[in-house]
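1. Just the structure for this:
(3 chains, ligands or ions: 8)
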Amino acid sequence: MKTRREFIKISAVGAGAAAIGLSAVNIAGLKLVNAANDQTAVSDEEMTSFPTYCEVCFWKCAGWTYVDKHKNIRKIIGNIEDPHCNGRLCPRGTGGVGMYTDEDRLKTPLIRETVNGEQVFRKASWKEALDLVASKMKDVANKYGPESFALFNHGAPGEHFKHLLHAYGSENEGEPAWAQCRGPREVGFSATFGSWIGSPEPTDIRDTNCLVLIGSHIGENMHNGQVQEVADIIGRNATIITVDPRLSTVASKSKYWLPIKPATDLALLLSWIHVLIYEGLYNKDYVEQYTMGFEQLKEHVKDMTPEWAYGITTIEPSIIRKTAREMANAAPAVIVHPGRHVVWYGDDSQRERAIAILNALLGSWGKRGGFYFKEAISVPKYPHPQYPHPEWSWKDNLDGKYPLSSMAITTELLAASIPEFEYKHQIKAWMVAGTNLPLTIPNKELFKTAAEAVEFIVVVDTMPMDITGYGDVVLPECTYLERFDALRAAPHREPNIALRMPAVEPKYETKPSWWIAKQLGERLGLGDFFDYDDFSEVLDWQLKKMGTSLDEMKKIGIKMFDRKSGPLYLADGEEYHFNTNSGKIELYSTEFAELGFDPMPKFTKHPEPEDGFYRLIYGRAPMHTFSRTSNNHNLFDLMNENSVWINPKVAELWDLKTGQKIWLQNQDGIVSTFPIKVRVTERIRWDSVYMVHGFGHDNKKLTRTFGRGASDTQLITNVMVDPMMGGTGMRGNFVTFITENPGKEAEA
Amino acid sequence: MKEELFISGRDIPNIDPFLNIWHWQIPLYLFLGGLAAGIMFFAGLFTIMGKEKEMATTVKWAPFLVPIALVLGLFALFLDLKHEMYFWRLYTTVRMGSPMSWGAWTLMLVTPLSMIWSATYLKEAVPNWNWKFKMIEQTIGFFTKKRREMAWAMMFLAVVLGVYTGILLSAFNARPLWNTSILGPLFLVSGLSTGLATIIWMSKNKTERRIMSQIDIVLIAVELFLIVHLFMGFLSATAVQVEAAELFLGGQFTVTFWVFVVILGLAFPAVLEILELRGFHIPIWIPALLILFGGLVFRFVMVEAGQITRYLY
Amino acid sequence: MRYAMAIDTKKCVGCSDCVVACQTENNVPHGYCRDWIVENVSGAYPIVEIELRSERCNHCENAPCVRCCPTGASHTVEGGIVMVTHDECIGCGACIQSCPYDARYSHPDGYVDKCTFCQHRLEKGQNTACVDVCPTKCLHFGDIEDPYSDVSLALKNRSWKVLAPEAGTKPQLYFLT
Ligand SMILES: Nc1nc2c(c(=O)[nH]1)N[C@H]1C(S)=C(S)[C@@H](COP(=O)(O)OP(=O)(O)OC[C@H]3O[C@@H](n4cnc5c(=O)[nH]c(N)nc54)[C@H](O)[C@@H]3O)O[C@H]1N2
Ligand SMILES: Nc1nc2c(c(=O)[nH]1)N[C@H]1C(S)=C(S)[C@@H](COP(=O)(O)OP(=O)(O)OC[C@H]3O[C@@H](n4cnc5c(=O)[nH]c(N)nc54)[C@H](O)[C@@H]3O)O[C@H]1N2
Ligand code: SF4
Ligand code: SF4
Ligand code: SF4
Ligand code: SF4
Ligand code: SF4
Ligand SMILES: [Mo]
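-> Residues are numbered from 1 along each chain as shown, chains lettered A, B, ... in the order given. Ligands and ions are numbered 1, 2, ... in the order given. Below you'll find the model as predicted:
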């Protein structure tokens, strides 16, 4: 097949060849194919740009989508005014174009159907699919009450469906951002400082003199603003201390890399607290003025010496002392980073408490180079009738478990979906929007059993991800580049908002979430809650209340506002009321004590791998987000599978070579569906193996990524649940290596 | 342990994990070019020596193959171009620094010359041949008288062409295996040898075969000497060149090179030729075929292996 | 005027943003790239070092790819940028063979392509796409003959190296070490 462009080329050569005969002069000057330019690079002036904020991860950088004359999205460039990105998107944001161009995208609504005993999806019209979902929602409400309809969501689509769910009469909505991600740090820090960390983290990295990273692998964890600020401090040689069993990228740039034995961080943290206190290195004025419980803490850590910690963590006492002194020297411009994905070993809220306490002793909270006081602007609520009051919510179902969970726990919603577990209230149907549960939630058995038990599942997604395979109805959302969404109004040094608007028409038959939610609402008789024809009306109304307008925002994309809550930092000696029970920074947590938890963190030993097994640890690759980007062609080009990192000594023992494909088997006998390539590297301890999360997709419709690499989630069957907030600790799993295809045996 | 890996970006077709941008066309092109140069050289040489009668195959009949070989070679080259519709761009400029360029121009001169040469002998080959047009008849007649001058030009251009087949590779410093000035003479000698083999194979004349065999044995000796020299040079040079040599000294090309090129393509045919000269009866096509095959394999190996060798990664 | 780039290997995190930004800016076809990232790990656990390098065409001062091009498609323009004119290129591959950095590739459309230092952006007074996107700001670009250019300032107080200097091409990518 010849494209038109090629056709022009060939005929142009003919003309050129003739030209030689006529005149041998100035042939180099003969520009034959000018169109070629269009094919390679187009200058910015020849394109139109539309504001957006990125949906490839939850840092939500603001940027501009550039569209050329032929209505092709060419590129996405960061908005220079945006404090989340400072004009530079991360590779995933830059490669966001691939979310739009992916030919594997969901294209039409799909309805599950049984043909000749086999379940298949058939294409459906929007009307049919929406009617079906609405009638199922009505059924569920009639039979069990609306509360038994649960929403699993993550990211921007969640906003629209939460509104729908609340209007419908349920509050059972959960996101993996809590129990699979950052819940424990919010618990640990609010117990200490009376404040959540939130997103983006209010870490004043740019001005810090010492940054301490407990696992947090910034640089691979590509949360943009943080990476940029960390790069700045690398540039000015500030001290970085990285605690990680693996030489993460940032560890390689750190002054100190502490290759800790996994699962022992709490001992290291306590010994640091010990050194700060017993060497008198802590920030005395700060501790005196703002904290309570110092004496109890001092007594508590008395025996938690570096020598004690050495036996547990394998970190030399001298290094523990030295690094504690580095922190103290830098204080208060020091950050012991809370991390973000912190559901590791089930005692995570306590580990986060220890981190918070360490920061308190160093006096970094509310100080330049420590943690600043963030501020967000609140976006006015578009008027709608009052939500009905549900008869029960996820909280009632916990029966006193996980008292510190302030958001629904996804795994609890799953468990409540399984009748055998006899939860007080049962979940009967789900909507899943923007979360790929099979690859996101550990303990796949739980997920599968729950998915089989419920009566109805509707999935709203952009891609035929593994989750869509469980839907009865699949609704195709358009990508973030093709739609309006709620304003971004995340906290930062200065309050700000960012607009997302469509740069092009939605491809295929896809629709934005706001439209889907509204359509369902109207079918459910909730039209009053969706009193607009287009979501842009909502935005314009909100923006006008905030002193700007949709038109203005379309031109600027992001708007900054003045702070109203006072300065970024505490002045020396300034009075300050912390939002804790005591109004002070609680080194001794009264909240924990009341609930019967240890008021000060204690180290507990976690199981270690048996002979021939290695601890499975995982993390991020800078060019991918979880499982959502592995099929994105632009990012697939950068990294098309994950590998398992193995220390050379271990590799020698098993006779494994870099590039060799192996299968992993965990302690419960689960074998990875797909093989994974070995990477033999000095960058990891010999008691652990490492892999990047998000690969090992099992849906053939993902034509590029299907079967490439292995899924860590599949191997995470042992979940260590945090008793305080329900976090699913995922790092207590151990794997061994299988070099022969285990599938072959099964076939034979 | 040392580890060097591409984190991203480099998995480009025909570049990674090693260069493979030139395929079978280029070695074939080099082979045919060398072969043509060989025939032309000796045709020129024996013309100048006034031996047209005794060395009829060399001077008159073998050169009929030359334009065929050149056109086939050029066609192979053409096939290897990725933007072939722009082929004519080669002839819009002369680039002295580019062997490709002066190779293209040399062929532009050599191919017509070889055609004219053969044309002047066409009447002898096909007794009833008629040029039909008077103009052509006259032109050919003119060139028939200028054979001596043409012979000089042929000899000169044959050397240029023969050397060029080697320099085309050795100009690429970026490929450590090719980065040696020995390739020019080596490819020239090898080309001459393949030309000779063709002549010997074609010739029915015992004396002519004898003379050519003697020359061939000398050429093979020179070639072997150059090969030894080549490897000595590599082994005493930079690390990347030592690595390049190692491909042939235990590496993946060892057998192909030493067995097929050196033993079967050079040493063994030389022995056969010596035996033949000593009076043993050896079917003449055997050494000839071996030499031709060896020459072809040699060029395949050099092109292939050269692309594997690199400075980085 | 002599354009050059300095890459701070200490800051680079190997995120590959420069690679994907180049892809979208220059419409590099999928499966190909004009720049790429190399990770070099040395030492033995627990004393291990990593060098991360964002690499691309070196725009060599003594460019063999220009010299060996039979048609003049590969040529050097103002500022020492080595360019390929697509419709003069015959796709012979000579330049690819000649480049010690393997910085060129054969575009699926037939011609040879490689980093242009984003000349179309420089003309407009912009920086290259990769430099502009790099989240760690570890890429420095500019006129190396201007002592106050970003690249000159970056090189001033740091030790640096070039890759494969022994190939003799006088490369213009400087890796800060
Ligand atoms: N590129 C990219 N960036 C992302 C994301 C993404 O998907 N892709 N996701 C974003 C999100 S939502 C989150 S929550 C964050 C997560 O990012 P982080 O909060 O940085 O995640 P960690 O859990 O700290 O991540 C992994 C690191 O912990 C180390 N580790 C494993 N076990 C232990 C241990 O026992 N002790 C210690 N000290 N270290 C250990 C691993 O070796 C690895 O380096 O990343 C965000 N940024
Ligand atoms: N094993 C393991 N599990 C983990 C983690 C881990 O490191 N290892 N990390 C945990 C952490 S920190 C987090 S935050 C969670 C993240 O968990 P998830 O948010 O579930 O992560 P993704 O895998 O990216 O799944 C996102 C889903 O949303 C879809 N999607 C993307 N954009 C849109 C859109 O615009 N609209 C709609 N409707 N859908 C969209 C994608 O196609 C995909 O199906 O995972 C947690 N789970
Ligand atoms: S950090 Fe990267 S992926 Fe996340 S929002 Fe920003 S640009 Fe997008
Ligand atoms: S964008 Fe910058 S930090 Fe990322 S790989 Fe490229 S040079 Fe390195
Ligand atoms: S790096 Fe390669 S392509 Fe670039 S100028 Fe140098 S030799 Fe030419
Ligand atoms: S491939 Fe094109 S640019 Fe390269 S040497 Fe040949 S003609 Fe020149
Ligand atoms: S300078 Fe431009 S063309 Fe070269 S690698 Fe960077 S983005 Fe690509
Ligand atoms: Mo997360």
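
2. Now A:Pro184: closest residue in space, sequence neighbours ignored.
-> Sequence neighbours aside, A:Asp348 is the residue nearest to A:Pro184 in space, at 3.6 Å (criterion: CB to CB, 6 or more residues apart in numbering or on different chains). All C-beta atoms are positioned from the backbone trio N, CA, C, and that covers glycine.

3. Next: A:Met553.
-> A:Leu499 is the one closest to A:Met553 (CB to CB, 6+ apart), at 4.2 Å.

4. Please read off the pLDDT at A:Gln519 from the model.
-> Note for A:Gln519: predicted pLDDT of 98.

5. Which of the three states applies to it?
-> In terms of secondary structure, A:Gln519 is helix; the call rests on DSSP: H, G, I helix; E, B strand; the rest coil.

6. just to revisit the earlier point, my guess is the residue nearest to A:Pro184 contacts A:His341. True?
-> No - counting by CB atoms under 8 Å, A:Asp348 sits too far from A:His341 to count as a contact (10.0 Å).

7. Quick one: neighbours of the residue nearest to A:Met553, just the number.
-> Other residues lying near A:Leu499 total 28 when counted by other CB atoms under 10 Å in any protein chain shown.

8. Contacts only, for it.
-> Applying CB atoms under 8 Å, 6 or more residues apart in numbering or on different chains, one finds that A:Leu499 lies in contact with A:51-53, A:487-488, A:539, A:550, A:553-554, A:557-558.

9. cool, and C:Glu78?
-> C:Glu78 makes contact with C:Met1, according to CB under 8 Å, 6+ apart.

10. In chain C, which helix is the longest?
-> As assigned by DSSP state H, the longest helix anywhere in chain C is helix C:17-26.

11. which residues touch the next helix or strand after that helix?
-> Reading on from helix C:17-26 to the C-terminus, the next helix or strand found by DSSP states H and E is strand C:35-44. Residues external to strand C:35-44 that are found in contact with it (CB under 8 Å, 6+ apart): A:648, A:681-683, B:1-10, B:313, C:12, C:14, C:16, C:18-19, C:22, C:48-56, C:115, C:130.

12. The residues you listed in strands, which ones?
-> Using DSSP state E, the members of those that fall in strands are B:3-8, C:48-56.

13. Out of the residues you listed, flag the one nearest to ligand 7.
-> Proximity of these to ligand 7 was ranked by CB to the nearest ligand atom; the top entry is C:Arg56 with 4.0 Å.

14. Now do the contacts for that closest one.
-> With contact taken as CB under 8 Å, 6+ apart, C:Arg56 is in contact with C:5, C:22, C:34-36, C:103, C:114-115, C:130, C:173.

15. where does the chain dip in pLDDT?
-> No chain was given, so I picked chain A. A:1-39, A:744-748 (pLDDT under 70).

16. Stretch A:227-243 near chain C anywhere?
-> Yes - taking CB under 8 Å from any CB of the partner chain as the criterion, stretch A:227-243 and chain C are in contact, through A:227-228, A:231, A:234-235.

17. Tell me the one among those residues nearest to A:Tyr286.
-> A:Ile234 (27.4 Å; CB to CB).

18. what's around the closest one, how many residues?
-> Counted with other CB under 10 Å, the neighbours of A:Ile234 add up to 22.

19. hey, where'd the helices end up in chain C?
-> Residue ranges of the helices in chain C, as given by DSSP H, are C:17-26, C:64-67, C:94-98, C:119-122, C:129-133, C:150-156.

20. now swap in the stretch 101-250 of chain B and tell me
-> Listed from the start of the chain, the stretch 101-250 of chain B has helices (DSSP state H, counting those that start in this stretch) covering B:134-145, B:147-170, B:183-202, B:206-235, B:239-246.

21. Output those helices in JSON lines, with distance to ligand 8 and mean neighbour count appended to each entry.
-> Output for the helices of the stretch 101-250 of chain B, formatted as JSON lines (distance: least, CB to the ion, whole Å; neighbours: other CB atoms under 10 Å in any protein chain shown):
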{"stretch": "helix B:134-145", "distance to ligand 8": "83", "mean neighbour count": "12"}
{"stretch": "helix B:147-170", "distance to ligand 8": "55", "mean neighbour count": "21"}
{"stretch": "helix B:183-202", "distance to ligand 8": "58", "mean neighbour count": "26"}
{"stretch": "helix B:206-235", "distance to ligand 8": "55", "mean neighbour count": "17"}
{"stretch": "helix B:239-246", "distance to ligand 8": "46", "mean neighbour count": "18"}
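
22. right, and those - which one's nearest A:Lys564?
-> helix B:239-246 (64.8 Å).

23. Tell me the first helix or strand C-terminal of that closest one.
-> Toward the C-terminus, helix B:239-246 is succeeded by helix B:254-255 as the next helix or strand (DSSP H and E).

24. if we look at the helix or strand just after that following helix, which residues are touching it?
-> On the C-terminal side of helix B:254-255, the closest following helix or strand by DSSP H and E is helix B:268-277. Contact with helix B:268-277 is made by B:197, B:210, B:213-214, B:216-217, B:220-221, B:282, B:284, B:286-288, B:290-291, B:294, as judged by CB under 8 Å, 6+ apart.

25. which pair in these spans the largest distance?
-> Farthest pair in the contacts of helix B:268-277 (CB to CB) is B:Arg210 and B:Gly294. Separation: 21.5 Å.

26. separation between whichever residue of chain A sits closest to ligand 8 and ligand 2?
-> Sorted by distance to ligand 8 under CB to the ion, the residues of chain A start with A:Cys181, at 3.3 Å. As defined by CB to the nearest ligand atom, to the nearest Å, A:Cys181 lies at a distance of 4 Å from ligand 2.

27. Name the residues of stretch A:102-122 that are buried.
-> If you call a residue buried by 16 or more other CB atoms under 10 Å in any protein chain shown, then stretch A:102-122 has these buried ones: A:102, A:104-106, A:108-111, A:121.

28. Kindly check the end-to-end length of that stretch for me.
-> Counting by CA to CA, to the nearest Å, the length from the leading to the trailing residue of stretch A:102-122 is 21 Å.

29. which residues are in contact with it?
-> For stretch A:102-122, with CB under 8 Å, 6+ apart as the criterion, the contacting residues are A:123-126, A:128-130, A:132, A:461-464, A:468, A:471-477, A:479, A:507-510, A:631-633, A:701-704.

30. re earlier: quick one: which of A:Asp348 and A:His341 has more around it?
-> Residue environment comparison for A:Asp348 versus A:His341 gives the larger neighbour count to A:Asp348, 29 against 20, counting by other CB under 10 Å.

31. one step back: from the contacts of stretch A:102-122, which would you call buried?
-> Among the contacts of stretch A:102-122, those that count as buried by neighbour count (16+ other CB under 10 Å) are A:124, A:126, A:129-130, A:132, A:461-464, A:468, A:471-477, A:479, A:507, A:510, A:631-633, A:701-702, A:704.
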